[in-house]
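A.B. asks: This is the structure alone, sequence omitted:
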């Protein structure tokens, strides 16, 4: 997918509206601070991925009051416009995309351009910013290469793990064998009985709750009657002791004293009768609570026995699925180990397919590359020149860059990918001959190059130059 045009509106130091046309090979030339990186990297990543290395609020032109900016990128078949604050427009073959939310549109763009990590790693060439995958070390490099085939390997490994779990779960060598007849009719009967007991227990719990409330009320009544009895008897005793009214404490006449004693006796008799009634009810409710509680306990024990029987019967019924042995489990564990070992071997062999493509490029600088697996299973890069073996560390920065370009383009070619490649100051370490060689490489391959560079003399006619002033 080739980029045809970028339009900036108040983006970074580009005040107003500016458009830039692109061809297959493009050089963006200018002094420091003239906006080369803004065009060649920042605008593209912001528009396609909503990505910026700095806060998005810093992207609009600083000296304008209104903090708004817009970038539009036009590719061969898709047009993207992104604004700050958030707004995203996607048009395909002249027709606006029907997706409604910005999140859905971004997911669509991510599928088309891959995620930002992939884009930076395989669509950008910049040794200074650490986007050189050969600089990551053996382990990280192997992991990066593995990511191309990760979905396939994960699917296979997931399938193997499921088979291993099946052999662990239905391993007859480790199973507890029950003697019960594997009868589904019996299992269903137990299931029905347990359900009926569960419902009965639920009813008992409700009834126990009601009885418990009544017991609580009766205990409160008993306490209240008992308090009243104590009070009445105490007052009667005081009256008998000193012939004084228990309320006003005055000396009472004999006639009044007799009337008061009569009232006390009547009240005490009534309270005694009430206490007997409360105690009778309390005894009845206590007996009922004990009976219900015992019934509940009996049912719980019965349910536990039936549940144990059902569990054993269920295990017995499932034992017909116990077809695996410890030997089968061992085989599956070994298969997973072999598969993990094969994964590394596969990646190494896959990289060897890239060797001819890479060597077509680096032969120009006199080297030949091969990839091997070292003693620890890591990817090792072997370089030879005039029969002498070199390591990657022996290369100059320019030679490393040529090898990196060759490696990344070979990976994309093997994956049948094409389109945009960005080199933001990534080619500064190349001399004129190697830079010309890189340009020739892009002429022959299905990739578009956008190269940011300070200066370049004697630019070939077929290279598009975007020259920026101060």
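C.D. replies: Arrived safely. For clarity, every value in this text was computed on a predicted model and none was experimentally measured.

A.B. asks: Assign residue 460 to helix, strand or coil.
C.D. replies: coil (DSSP: H, G, I helix; E, B strand; the rest coil).

A.B. asks: now swap in residue 88 and tell me
C.D. replies: strand.

A.B. asks: For it, name its beta-bridge partners.
C.D. replies: residue 82 (DSSP bridges).

A.B. asks: so what's it up against?
C.D. replies: Contacts for residue 88 (CB atoms under 8 Å, 6 or more residues apart in numbering) come out as 50, 80-82, 102, 105-106. The C-beta positions use only the backbone N, C-alpha and C, and glycine is treated the same way.

A.B. asks: what do you get for residue 291?
C.D. replies: With CB under 8 Å, 6+ apart, residue 291 has no contacts at all.

A.B. asks: tell me how far the helix or strand containing it is from the chain's mean position?
C.D. replies: Residue 291 belongs to helix 254-318 when assigned by DSSP states H and E. Computed by CA atoms, centre = their mean, to the nearest Å, the separation of helix 254-318 from the middle of its chain amounts to 56 Å.

A.B. asks: What mean pLDDT does it get?
C.D. replies: The average pLDDT within helix 254-318 is 88.

A.B. asks: Heading C-terminal from it, find the next helix or strand.
C.D. replies: Following helix 254-318 toward the C-terminus (DSSP H and E): helix 326-362.

A.B. asks: Please list all residues in contact with the closest residue to residue 332 other than its chain neighbours.
C.D. replies: Excluding its sequence neighbours, the residue lying closest to residue 332 (CB to CB, 6 or more residues apart in numbering) is residue 164, at 4.4 Å. By CB under 8 Å, 6+ apart, the contact list for residue 164 reads 329, 332-333, 336.

A.B. asks: at 10 Å what do you get?
C.D. replies: Residue 164 makes contact with 328-329, 331-333, 335-336, according to CB atoms under 10 Å, 6 or more residues apart in numbering.

A.B. asks: cool, and residue 452?
C.D. replies: For residue 452, the contact set (CB under 10 Å, 6+ apart) comprises 26-30, 36-41, 126, 422-428, 466.

A.B. asks: would it count as being in a helix?
C.D. replies: No. Under three-state DSSP, residue 452 falls outside any helix and is assigned strand.

A.B. asks: Going by residue numbers, what spans are helices in the protein?
C.D. replies: Assigned helices in the chain, in chain order: 36-37, 43-49, 102-113, 116-122, 138-147, 150-169, 184-242, 254-318, 326-362, 397-414, 432-444 (criterion: DSSP state H).

A.B. asks: Relative to residue 369, which of those is closest?
C.D. replies: Nearest to residue 369 among those is helix 326-362; the distance by CB to CB comes to 5.5 Å.

A.B. asks: Does anything pack onto the closest one? Which helices or strands?
C.D. replies: Judged by 3 or more CB pairs under 10 Å, 6 or more residues apart in numbering; DSSP states H and E, helix 326-362 is in contact with helix 138-147, helix 150-169, strand 368-373, strand 379-385, helix 397-414, helix 432-444.

A.B. asks: redo that, cut-off 8 Å
C.D. replies: Packing contacts for helix 326-362, counted by 3 or more CB pairs under 8 Å, 6 or more residues apart in numbering; DSSP states H and E, involve helix 138-147, helix 150-169, strand 368-373, strand 379-385, helix 397-414.

A.B. asks: Could you tell me the least trusted of these?
C.D. replies: Mean pLDDT values for those show the minimum at helix 138-147, a mean of 74.

A.B. asks: how far out from the middle of the chain is that one?
C.D. replies: Distance, centroid of helix 138-147 to centroid of chain: 22 Å (CA atoms, centre = their mean).

A.B. asks: what's the angle from that helix to strand 368-373?
C.D. replies: Counting by axes from the mean of the first three to the mean of the last three CA atoms, to 10 degrees, helix 138-147 lies at 90 degrees to strand 368-373.

A.B. asks: So what angle separates the directions of helix 138-147 and strand 379-385?
C.D. replies: 100 degrees.

A.B. asks: Can you list the low-confidence ranges for the protein?
C.D. replies: Along the chain, the parts satisfying pLDDT under 70 run over 126-132, 175-182, 242-252, 470.

A.B. asks: how about residue 16, what does it touch?
C.D. replies: By CB under 8 Å, 6+ apart, residue 16 lies in contact with 9-10.

A.B. asks: Tell me the spacing between it and residue 9.
C.D. replies: 7 Å (CB to CB, to the nearest Å).

A.B. asks: ok, now residue 443?
C.D. replies: Distance from residue 443 to residue 9, by CB to CB: 33 Å.

A.B. asks: Between those two, tell me which one has more neighbours.
C.D. replies: Set residue 443 next to residue 9 and count neighbours by other CB atoms under 10 Å: residue 9 wins out with 19 against 14.

A.B. asks: In this structure the more buried one contacts residue 70, no?
C.D. replies: Yes. Between residue 9 and residue 70 a contact is recorded at 4.1 Å, counting by CB atoms under 8 Å.

A.B. asks: returning to that earlier point: just flag the most distant two among the contacts of residue 88.
C.D. replies: Longest span within the contacts of residue 88, CB to CB: 81 and 106, 13.2 Å.

A.B. asks: just to revisit the earlier point, make CSV out of the contacts of residue 164 and add distance to residue 193 and neighbour count.
C.D. replies: Shown next, in CSV, are the contacts of residue 164 (distance: CB to CB, whole Å; neighbours: other CB atoms under 10 Å):
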residue, distance to residue 193, neighbour count
328, 38, 19
329, 37, 19
331, 43, 14
332, 40, 20
333, 42, 14
335, 45, 13
336, 44, 15
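
A.B. asks: any idea which of those is closest to residue 133?
C.D. replies: Nearest member of those to residue 133, counting by CB to CB, is residue 336, at 28.4 Å.

A.B. asks: Please name the residues that touch the closest one.
C.D. replies: By CB under 8 Å, 6+ apart, the residues touching residue 336 are 157, 160-161, 164.

A.B. asks: before we move on, what about residue 86?
C.D. replies: Neighbouring residues of residue 86 by CB under 8 Å, 6+ apart: residue 102.

A.B. asks: Cheers, nothing more for now.
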